[in-house]
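# sequence unknown, structure follows:
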């Protein structure tokens, strides 16, 4: 491997790792605001949009004619599904735990496989179907694990359901993003965040006395760091490193979420949940490895 390529892969891997660490801590910040999911997502979109506007401006992406009308319409649809994804995920954090919601959310690849089979007539092979069954058996164990805890079982199952809904909406967003590969990811995120702002404005809490300086600080970090900085690092990394590294480093996200839950919020996974977690992550690794280019 040439030294230039090694350096590029090293820089890309570092960016990807930082992006995944940031992603793994977002639930901690969301819960610390003690605000409704709708309100947190709205302010995430507001501050994230400001951050992405700065990035797009420096890259010269805010010019007329950057998008075809059809591309713009599909990006707006992606903005709706991205917003719904965050709302469902943040509700899941509160109803279950950061770790359980994050692991359940990681069944996204299997929902993408199902969508591909339903919408694009992609072949659903026995190999993919097998990993899908394994992944959802892991989710079943995670759900069973909730019955062993002191929290309300109905609330817990409700939260797992929202995490699955978040994965579904994210899979739709990812499908749209994949179809719009000629569009700058930063410009796409900027527009999608704008859609989220407009979509949630009628339903959120605007600044009140309950918004302390600490809460504002958390919302700014969620918008600028967990949305703006994370997006820039992630897309920059994906352009520099091979698929196998992207897939491997992506596992930092759920691992960090589990550590945050256990060591910061003192909510470790029990035996059933940990077993289900390992099964889900193994299934995700299995399907990702098979999908690598040969």
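The structure has been received and is ready for your questions. Remember, predicted model here, so these are calculated numbers, not experimental data.
# contact partners for residue 259?
Contacts for residue 259 (CB atoms under 8 Å, 6 or more residues apart in numbering) come out as residue 24. Quick note: C-beta positions are derived from backbone N, CA and C, even for glycine.
# quick one: it and residue 30, what's the gap?
To residue 30, residue 259 is 16 Å away according to CB to CB, to the nearest Å.
# one more: residue 268?
19 Å.
# between those two, which one's more packed in?
Set residue 268 next to residue 30 and count neighbours by other CB atoms under 10 Å: residue 30 wins out with 24 against 14.
# what helix or strand is that one located in?
Secondary structure from DSSP states H and E places residue 30 in helix 3-33.
# same for that helix, what does it pack against?
Packed against helix 3-33, as judged by 3 or more CB pairs under 8 Å, 6 or more residues apart in numbering; DSSP states H and E, are the following elements: helix 37-58, helix 69-95, helix 98-105, helix 213-223, helix 230-240, helix 243-249, helix 252-259.
# pull out the buried residues from the helix or strand of the chain with the lowest mean pLDDT.
Least confident helix or strand of the chain, by mean pLDDT, DSSP states H and E, is helix 243-249 with a mean of 76. Within helix 243-249, the residues that count as buried by 16 or more other CB atoms under 10 Å are 245, 246, 247, 248, 249.
# report all helices and strands that it contacts.
Judged by 3+ CB pairs under 8 Å, 6+ apart, the packing partners of helix 243-249 are helix 3-33, helix 230-240, helix 271-290.
# SS state for residue 67?
Put simply, residue 67 is coil when judged by DSSP: H, G, I helix; E, B strand; the rest coil.
# who touches it in this structure?
75, 183, 187.
# SS state for the second one?
What three-state DSSP gives for residue 183 is coil.
# that one: what's it in contact with?
Going by CB under 8 Å, 6+ apart, residue 183 touches 67, 71, 75.
# residue 200 against residue 41, yeah?
Yes - here residue 200 lies in contact with residue 41, judged by CB atoms under 8 Å, at a distance of 6.3 Å.
# between those two, what contacts are shared?
When contacts are counted by CB under 8 Å, 6+ apart, the set common to residue 200 and residue 41 consists of residue 83.
# between these two, which one's more packed in?
Between residue 200 and residue 41, residue 41 has the larger neighbour count (other CB under 10 Å), namely 30 against 20.
# surely that one is in contact with residue 86?
Yes - counting by CB under 8 Å, residue 86 is a contact partner of residue 41 at 4.6 Å.
# who touches both of those two?
residue 196.
# helix, strand, or coil at the closest residue to residue 45 other than its chain neighbours?
Spatial nearest neighbour of residue 45, excluding adjacent residues (CB to CB, 6 or more residues apart in numbering): residue 196 at 3.6 Å. At residue 196 the chain is in helix, as set by three-state DSSP.
# correct me, but residue 196 touches residue 40?
No - taking contacts as CB under 8 Å, residue 196 lies outside contact range of residue 40: 11.4 Å.
# higher neighbour count, those two?
Using other CB under 10 Å, the more surrounded residue of residue 196 and residue 40 is residue 40, with 27 against 24.
# where's the nearest residue to residue 8 once chain neighbours are set aside relative to residue 10, distance?
Distances taken as CB to CB, 6+ apart place residue 240 nearest to residue 8, at 5.2 Å, with adjacent residues excluded. Separation of residue 240 from residue 10 (CB to CB) stands at 9 Å.
# neighbour-wise, which of the two wins?
residue 240 (19 against 12).
# retrieve the pLDDT associated with the more buried one.
Looking at residue 240, its pLDDT reads 78.
# quick one, phi/psi of residue 63?
Residue 63 adopts backbone torsions of phi -110, psi 160, taken as degrees, to the nearest 10.
# what about it, how many neighbours?
7.
# go on, the one 5 residues further on?
Other residues near residue 68 come to 12 when the count uses other CB under 10 Å.
# still on that earlier bit, give the contact list for the residue nearest to residue 45.
41, 42, 44, 45, 79, 82, 83, 86.
# repeat that for 7 Å
By CB atoms under 7 Å, 6 or more residues apart in numbering, the residues touching residue 196 are 41, 45, 79, 82, 83.
# dump those residues to JSON lines, plus pLDDT and distance to residue 98.
Output for the contacts of residue 196, formatted as JSON lines (pLDDT from 0 to 100; distance: CB to CB, whole Å):
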{"residue": "41", "pLDDT": "97", "distance to residue 98": "16"}
{"residue": "45", "pLDDT": "97", "distance to residue 98": "21"}
{"residue": "79", "pLDDT": "97", "distance to residue 98": "25"}
{"residue": "82", "pLDDT": "96", "distance to residue 98": "20"}
{"residue": "83", "pLDDT": "97", "distance to residue 98": "20"}
